[in-house]
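Engineer: Next input, structure requested:
(3 chains)
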Amino acid sequence: MINLKINNIPVSVEEGTTILQAAKKIGIRIPTLCYMKEINAIGACRVCVVEVKGARSLVAACVYPVNEGMEVFTDTPKVRESRKTTIELILSDHNKSCLSCDRNTHCELQDLAYEYGCNAVKYEGEHHECEKDFSTPYLVRDNSKCVLCRRCIAVCRKIQEVGVIGPIKRGFKTIVGCAFESELNDSPCVACGQCINVCPTGALHEREEIDEVRAAIADPEKIVIAGPAPSVRAGLGEEFGYPMGTNVEGKMVTALRMLGFDKIFDVNFTADLTIMEEAHELIERVKNGGALPMFTSCSPGWVRYLEYYYPELIPNVSSCKSPQQMFGAICKTYYAEKMGIDPSKIFVVSIMPCTAKKFEKTRGNQNASGYPDIDAVLTTRELAKMIKQNGILFNEIPEGEMDQPLGVYTGAGVIFGATGGVMEAALRTAAETITGQTLDNVEYKKVRGTKGIKEATYEVGGLKLKVAVASGIANAKKVCEKVASGKSDHTFIEIMCCPGGCVNGGGQPIMSSVVRENVDYKALRASALYKADKKAEYRKSHDNPVIKELYENYLGEPGSHKAHEILHTTYVARERYKK
Amino acid sequence: MANQTKVPFTGTKAQEEKLLKVLKGLKNVEGALMPALQQAQDIYGYLPIEVQEIIADKLDLSLAEVYGVATFYSQFTLTPKGKYKIGVCLGTACYVKGSGEVFEELQKQLGIESGITSDLLYSLDATRCIGCCGLAPVMTINDDVYGKLTKDQIAGILAKYKE
Amino acid sequence: MNYNELVAIKERALLAMGPREAVHNIENVEERTVLVCGGTGCTSGKSKIIYKEFKDQVAALGLSEKVRVIMTGCFGLCALGPVVIVYPEGAFYSQVQPEYVSEIVDSHIVNNTVLTKYLYAETVGDDGVIKALNETSFYKKQNRVALRNCGVIDPENIEEYIARDGYFALHKVVSSMSQDDVVKVMLDSGLRGRGGAGFPTGRKWMFAKASQADKKFVLCNADEGDPGAFMDRSVLEGDPHAVLEAMAIAAYTIGADQGYIYVRAEYPIAVQRLQIAIKQAKEYGVIGKNIFGSNFNFDVDVRLGAGAFVCGEETALMVSIEGNRGEPRPRPPFPAVKGLFGKPTILNNVETYANVSQIILKGAEWFTSMGTEKSKGTKVFALGGKIVNTGLVEVPMGTTLREIVEEIGGGIPGGKKFKAAQTGGPSGGCIPAEKMDVEIDYDNLLAIGSMMGSGGLIVMDEDNCMVDIAKFFLEFTVDESCGKCTPCRIGTKRLYELLTKVTNGTATLEDLDKMESLCNYIKENSLCGLGQTAPNPVLSTLRYFKDEYIAHVVEKRCPAGVCKNLVSFSIIADKCKGCTACARKCPVGAISGTVKQPHVIDNAKCIKCGACIATCRFDAIVKG
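Structural biologist: Predicted coordinates for the structure are as follows:
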């Protein structure tokens, strides 16, 4: 143990501990900006500087390891003045249109500026002139608000290992951008939006579709259907002060109704439907010698990754549309027919924890009714924003219930939001389909948890199923490498683009780096879903009564011709470099 | 002044083969990117996107990473250089002896602030100390060194490089 | 290679080298050596052609056996380049042009008559007798340790290096000294890093030796980037083996087997000679496997920089060798614990290494006999700017700035007044005239607000504006900042903008205060040495030349007449003869007046080009 004093308070910590961590241990918060534990400990922004007795200059607490007998001061006038100047310098090259900024009131830079009483215009001078990048349907980059903390680069390179953005040029001219300063849409970005989640300012945000949704709601001709994904109900509450891991499904339904949506259905329902089709496809492949291992296809960021980086593995991906796309497709075919509505009048809004879903809706071959399956995608954050804009007091409204028939779901559908959830749901259905029996055990715990790669082998009706579950592209890459080199003996592999699955999607509520470091938010949000599963009336997708009805009256059986027309799709190899 | 000329890529098969050979040799070298970029620039004269893509692919790096390195170091150039590459030393010794004026005169005569002229004949760069401080102020045109310059010599010197 | 073979090479080489020292009053010269400087300064002045001319003409005369023509590294006196020395007379031909060669060959080599008209004037006595170079003011006070072989040997011939006791130190270390023995000698010698901060070399080695690892590295920092500094380049060009030998010694000491030399790509001659040297050293077995029959292996590679000043910072250099943007990383961990590729690493600069083998051979005591209490040995400086003898000098630590500028450097040209000397490049500061008698060493320079840096020493005279100089260095730093940390990326930019306000005459006194506090902030908050020292040129000029800043701010005047916005030209009526020359020369018609009457300048029209001053034959036009 190392003994030191921080602000004259003695503290003992393990060797290798940073000053930042040691200070936290005795209840002292040192402010940070660029720091993210393990993935971005670069000491760049200098907001966390402290005085160390005997040191020539101030040191960055986030990276400086403690020494025996060290004396640290975190709140001297020099420290405060230095931090203040650092923030003022950052502000001198910052687009200070804070009033209407997407991140106003939850911006880390703004918080620091307030905390240190900064004069935002003390150091005036040259600014970076940059245009917003609106090239993609899912994300907007605004370098005029970038503080060069490089947190986005760190997740893109180290967590997702696609590295489509990086530091460019040097010195004052340094910017974060794509190669050759091209637009994001010309890069092999997987659209995961993880960069948004770590951005401390408003330099990165989703491509908003609130205006389109409002216009549709205001249009009396349109029947506007809302379909929230499983993880939305596990994250939305954070925007309204609920503890992490609170399931706010009921209030969400009421709020959606108050916003003016005509029908509130559930993407959980089409998660169940996905399982029906995917389990069937898996069994078919196993029986008929199809391409194995089979990959799940519900994460559009993952699919995009595969198309860019491992196009040779496209035959291995399930041809099932994602639950979002199945949702739109069913709304505009089955539901439209059933209700006698012209599908052109239906406007389907999915609400997603995800930015890649905004891209997915623009993919080809996703228009079962002849019209796009999905018309608009809102992230969890956008929904929260609309609720706030409409003056809906989320905490005070009653809980509501989903509309019928597409609001019925099983526990299998709801756990889609957590890594391993799709696998577990698929196993529940596959096991009973293969054995033809009703099984008591529905929990497959080896595929649960936030570990990056999980593997398990299950015996199902004499069939040995070796499965793997990976989340985060760095982990997906390892799995793909194994499959591509022929070293994988897996039957079925679930891959989610975002670490921890959709609960940690790029459209979920943003939290500061401090919270990210200190709270296991992925597990907390996932726990809300597993709780919902546990208490669900039905826990297997094939037990969902509406699903049964859907097949009986409309689709026939899983994998039928009609099911293929409506619920399946194709993939394309993508060029990583735009010629 | 903004005569920044866009030059289409004209890399040959032979150049590409040479580059691929270089990259093959660097495959298992730690820290291969810098030597790769340096040798690629020797082969092509500059580092256009087509060349950086090959490097990214063969060294298993993202293009953004390659580009980030290429734009960090001032010796790497993304645009081709002129037939006559003019460099004016703006190192301290030259600067205190008036190389700034020499540079301005060249900008005036060539009609560019830096980069390449539209006829692709000249490119102009300010350079760091090239180490002939005894000759300050100094400029170089390709391998020729001109020392103890004054700005009124510039027109005469440029006249020697017209073809 | 073993010891006897090394000795045999030395003896063979000594015979083959011919005369390399001046011998007075020699008669009947049998053999001669013509040394042509092949440093960058002289080769820019066509010394390669001169070398070829000598070689061809000597061959044409059938004298190649008796007269050796050698291209060496830098002699130091770049101002007089291209330089040729002919031994045994020690005739120092300066500013040689290719067309002089046949004349020199004919007179000196064929007819044994030194051609005094082309000799460096100071080497020719009143009686026509040639003085030894060491008697000239430029060389008299110099003591060449790091540069001992520069300008003496052929850097492309390892045998000439061995003839000068090269690789004997490596042999001594490998065959008879333990790792701790070497560390002790280095500690005792008091050698401090010549690259900038002056960290004791022995301690660096000691730390790296103490680190346990399966792999360690030895690096040489040859990314000399200070504008106006070319010490390292000269050593690499003139004596590359000295660096290789020292790196091998360092590798032995810390237990490394791989070295990298990170050298500026802008130094093509140095790179080429290094590559030749490495090839030869491998051929001779002084680098490679089982050196001198021991189990010590050492290999070394050259890695080229690509134009980033910050890569002179040790962590940035390592990051660059690893193939990344040369952005410094926080320390600790220090490189001796976790350096290149995460392994214990030592990094020394070229000049530091150039001292090592001699310390090993001659002992720590010999080394500590030179220099001051805390700074031992010698230091090489690159003299430049407003000084007569621009070039490379090596003096014992503790020599005063006055000795360097006035005696060795020959003073300021054109009878101008010394104003300041800038040392330490963009990290250093300006030393004013009143500090000229300070003995130069690491600590004294720091105390007066400058630093040793790598050894650039730029002299400024009364025509240089100190605000403009500070701005020049800041512009350099802004340009070279890696952009990683806030204080350096944005702070230096804002500081530069404030300086621009001063030189434009739009700054206020509050701006000066703001500048000073910003300087102190950048020093204390930056991530690496580049940022931490970047404000020094501003701080030191604010300290010693505050009056110039005040003149710019308050009087809107640039005393040196450099800052264009603040300069005005006027004609002294008493001196003006009304010759109309200036009015005719003025490109914008700003000068009016009638013939034989004093003229006047309309400052609203004047573009401050200075053409009028250059034209006036009566010194009637002043700027200020």
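Engineer: okay, now the domains of the chain?
Structural biologist: Picking chain A for this. Following automatic domain parsing, chain A resolves into domains at A:2-75, A:91-206, A:221-567.
Engineer: that answer is for a different chain, and I need it for chain B
Structural biologist: According to automatic domain parsing, the ranges for chain B are B:13-70, B:84-158.
Engineer: got these as a markdown table, with distance to chain C columns?
Structural biologist: Placement of C-beta: from N, CA and C, glycine included. Shown next, in a markdown table, are the domains of chain B (distance: least, C-beta to the nearest C-beta, whole Å):
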| stretch | distance to chain C |
| --- | --- |
| domain B:13-70 | 4 |
| domain B:84-158 | 3 |
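Engineer: about what we covered before: distance to C:Pro268 for the domains of chain A - can I get that in CSV?
Structural biologist: CSV is the format used below for the domains of chain A (distance: least, C-beta to C-beta, whole Å):
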stretch, distance to C:Pro268
domain A:2-75, 34
domain A:91-206, 24
domain A:221-567, 40
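Engineer: follow-up on the earlier one: out of the domains of chain B, which one sits most buried?
Structural biologist: Most buried of the domains of chain B by mean neighbour count (mean count of other C-beta atoms under 10 Å in any protein chain shown) is domain B:84-158; its value is a mean of 20.
Engineer: and the most centrally placed residue in chain A, what are its phi and psi?
Structural biologist: Taking C-alpha atoms, centre = their mean, the centroid of chain A lies closest to A:Gly505, which sits 0.6 Å from it. Torsion angles at A:Gly505 (phi, psi; degrees, to the nearest 10) stand at phi -70, psi 160.
Engineer: Looks like it contacts A:Val377 (just checking).
Structural biologist: No. A:Gly505 is beyond contact range of A:Val377, at 11.6 Å (criterion: C-beta atoms under 8 Å).
Engineer: what do those two both touch?
Structural biologist: Residues touching both A:Gly505 and A:Val377 (C-beta atoms under 8 Å, 6 or more residues apart in numbering or on different chains) are A:Met352, A:Cys354.
Engineer: so what's the closest residue to chain A within the stretch 251-400 of chain C scoring on pLDDT?
Structural biologist: Ranked by C-beta to the nearest C-beta, the top residue of the stretch 251-400 of chain C for proximity to chain A is C:Pro330, at 3.8 Å. Reading off the confidence values, C:Pro330 has pLDDT 95.
Engineer: got a list of what it touches?
Structural biologist: Taking C-beta under 8 Å, 6+ apart, we find C:Pro330 in contact with A:Ile42, A:Gly43, A:Ala60, A:Val63, A:Tyr64, C:Leu527.
Engineer: where's it relative to C:Lys484, distance?
Structural biologist: Distance, C:Pro330 to C:Lys484, using C-beta to C-beta, to the nearest Å: 10 Å.
Engineer: joint contacts of the two?
Structural biologist: Common neighbours of C:Pro330 and C:Lys484, using C-beta under 8 Å, 6+ apart, are A:Ile42, C:Leu527.
Engineer: how about the strands in chain B?
Structural biologist: Assigned by DSSP state E, chain B shows strands spanning B:84-89, B:115-116, B:122-127, B:139-141, B:144-146.
Engineer: Looking at these, which is nearest to A:Lys251?
Structural biologist: Distance to A:Lys251, taken as C-beta to C-beta, is lowest for strand B:115-116 among the strands of chain B, at 59.7 Å.
Engineer: Then the residue of the stretch 251-400 of chain C closest to chain A would be within a strand, right?
Structural biologist: No. C:Pro330: not assigned to a strand; according to DSSP: H, G, I helix; E, B strand; the rest coil it is coil.
Engineer: give me phi/psi at it?
Structural biologist: Torsion angles at C:Pro330 (phi, psi; degrees, to the nearest 10) stand at phi -60, psi 150.
Engineer: do the one 5 residues further on as well
Structural biologist: Phi and psi for C:Pro335, reported as degrees, to the nearest 10, are phi -60, psi -30.
Engineer: returning to that earlier point: so which of the domains of chain A is nearest C:Ile440?
Structural biologist: Ranking these by proximity to C:Ile440 (C-beta to C-beta) places domain A:2-75 first, at 22.0 Å.
Engineer: Tell me which helix or strand in chain A has the weakest average pLDDT.
Structural biologist: helix A:513-518 (a mean of 88; mean pLDDT, DSSP states H and E).
Engineer: next one: chain C
Structural biologist: Sorting the helices and strands of chain C by mean pLDDT, DSSP H and E puts helix C:40-44 at the bottom, at a mean of 81.
Engineer: That one close to chain B?
Structural biologist: Yes. Applying C-beta under 8 Å from any C-beta of the partner chain, one finds helix C:40-44 touching chain B at C:Thr40, C:Gly41, C:Ser44.
Engineer: okay, now A:Ala291: neighbour count?
Structural biologist: 13 (other C-beta atoms under 10 Å in any protein chain shown).
Engineer: Show the backbone phi and psi for the residue of chain B found nearest chain A.
Structural biologist: Nearest residue of chain B to chain A (C-beta to the nearest C-beta) works out as B:Ser62 at 3.4 Å. B:Ser62 adopts backbone torsions of phi -80, psi 150, taken as degrees, to the nearest 10.
Engineer: what residues are up against it?
Structural biologist: If a contact means C-beta under 8 Å, 6+ apart, then B:Ser62 has A:Arg157, A:Val162, A:Gly163, A:Val164, A:Gly166, A:Ala179, B:Ala56 as its contacts.
Engineer: for A:Arg576, same thing?
Structural biologist: Contacts of A:Arg576 were listed using C-beta under 8 Å, 6+ apart, and they are A:Pro188, A:Tyr308, A:Tyr309, B:Leu63.
Engineer: Let's see if you can find the most crowded of the residues you listed.
Structural biologist: Neighbour counts for the contacts of A:Arg576 (other C-beta under 10 Å) peak at B:Leu63, which has 24 neighbours.
Engineer: Would you mind listing what in the stretch 301-450 of chain A touches chain B?
Structural biologist: Applying the criterion C-beta under 8 Å from any C-beta, no portion of the stretch 301-450 of chain A neighbours chain B.
Engineer: what ranges do the helices span in the stretch 301-450 of chain A?
Structural biologist: Under the criterion DSSP state H, counting those that start in this stretch, the stretch 301-450 of chain A carries helices at the ranges A:323-330, A:336-339, A:356-360, A:380-389, A:411-414, A:421-435.
Engineer: Reformat those helices as JSON lines; add mean pLDDT and mean neighbour count.
Structural biologist: Rendered in JSON lines, the data for the helices of the stretch 301-450 of chain A read as follows (pLDDT from 0 to 100; neighbours: other C-beta atoms under 10 Å in any protein chain shown):
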{"stretch": "helix A:323-330", "mean pLDDT": "98", "mean neighbour count": "29"}
{"stretch": "helix A:336-339", "mean pLDDT": "96", "mean neighbour count": "14"}
{"stretch": "helix A:356-360", "mean pLDDT": "98", "mean neighbour count": "29"}
{"stretch": "helix A:380-389", "mean pLDDT": "98", "mean neighbour count": "20"}
{"stretch": "helix A:411-414", "mean pLDDT": "97", "mean neighbour count": "31"}
{"stretch": "helix A:421-435", "mean pLDDT": "94", "mean neighbour count": "25"}
